[in-house]
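K.L.:
Kindly generate the corresponding structure for this input.
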Amino acid sequence: QVQLVESGGGLVQPGGSLRLSCVASGSIFSRYAMAWYRQAPGKERELVARITSLSSTNYASSVKGRFTISRTNAKKTVYLQMNSLKPEDTAVYYCNQERSSPGDSYWGQGTQVTVSS
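P.N.:
The predicted structure is shown next:
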């Protein structure tokens, strides 16, 4: 059984930084692409950043240059470093482990990020 556990969310002032972590268990972590999504109140869940098994990355245009996704396969962990945070970054952030069929992918429980003064 695959489990993804996120941590690192919290309340931060605009311009601040946070680092989210997601630890995976129950799968061969290095084999799969990983991603971070977010969902703000009243909005659909959106892709924030993705990293392949070979560590190629891509980002939503809204976070490019501010957020960095990375992975440490030995620790079965994916990270999201978030800098220059804005109020519009406020959302629940979810970790995702991809499968060939999107419906078969795995999700974490989410971690709240709130950017407010």
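
K.L.:
Next up, phi/psi of residue 97, please.
P.N.:
phi -110, psi 120 (degrees, to the nearest 10).

K.L.:
Any idea how many residues pack against the closest residue in space to it that isn't next to it in sequence?
P.N.:
Leaving aside its sequence neighbours, residue 97 sits nearest to residue 106 (Cβ to Cβ, 6 or more residues apart in numbering; 4.5 Å). The way it works is simple: take the backbone N, C-alpha and C, and place the C-beta from them, glycine included. Residue 106 has 18 neighbours, counted by other Cβ atoms under 10 Å.

K.L.:
Does residue 106 touch residue 22 like I think?
P.N.:
No: applying Cβ atoms under 8 Å, one finds residue 106 not in contact with residue 22, separated by 10.5 Å.

K.L.:
Specify the beta-bridge partners of the residue nearest the centre of the chain.
P.N.:
Centroid-nearest residue in the chain: residue 36, 2.6 Å away (criterion: Cα atoms, centre = their mean). Listed by DSSP bridges, the beta-bridge partners for residue 36 are residue 49, residue 95.

K.L.:
May I see the buried residues of stretch 42-61?
P.N.:
Neighbour-count burial for stretch 42-61, counted by 16 or more other Cβ atoms under 10 Å, picks out 48, 49, 50, 51, 59.

K.L.:
Mind picking the two most distant members of those residues?
P.N.:
48 and 51 (11.2 Å; Cβ to Cβ).

K.L.:
Phi, psi for residue 3 please.
P.N.:
phi -130, psi 140.

K.L.:
Tell me which residues touch the nearest residue to it once chain neighbours are set aside, please.
P.N.:
Sequence neighbours aside, residue 25 is the residue nearest to residue 3 in space, at 4.9 Å (criterion: Cβ to Cβ, 6+ apart). By Cβ atoms under 8 Å, 6 or more residues apart in numbering, residue 25 lies in contact with 2, 3, 5, 76.

K.L.:
Which residue is the nearest non-sequential neighbour of residue 55?
P.N.:
Nearest non-adjacent residue to residue 55 (Cβ to Cβ, 6+ apart): residue 71, at 6.5 Å.
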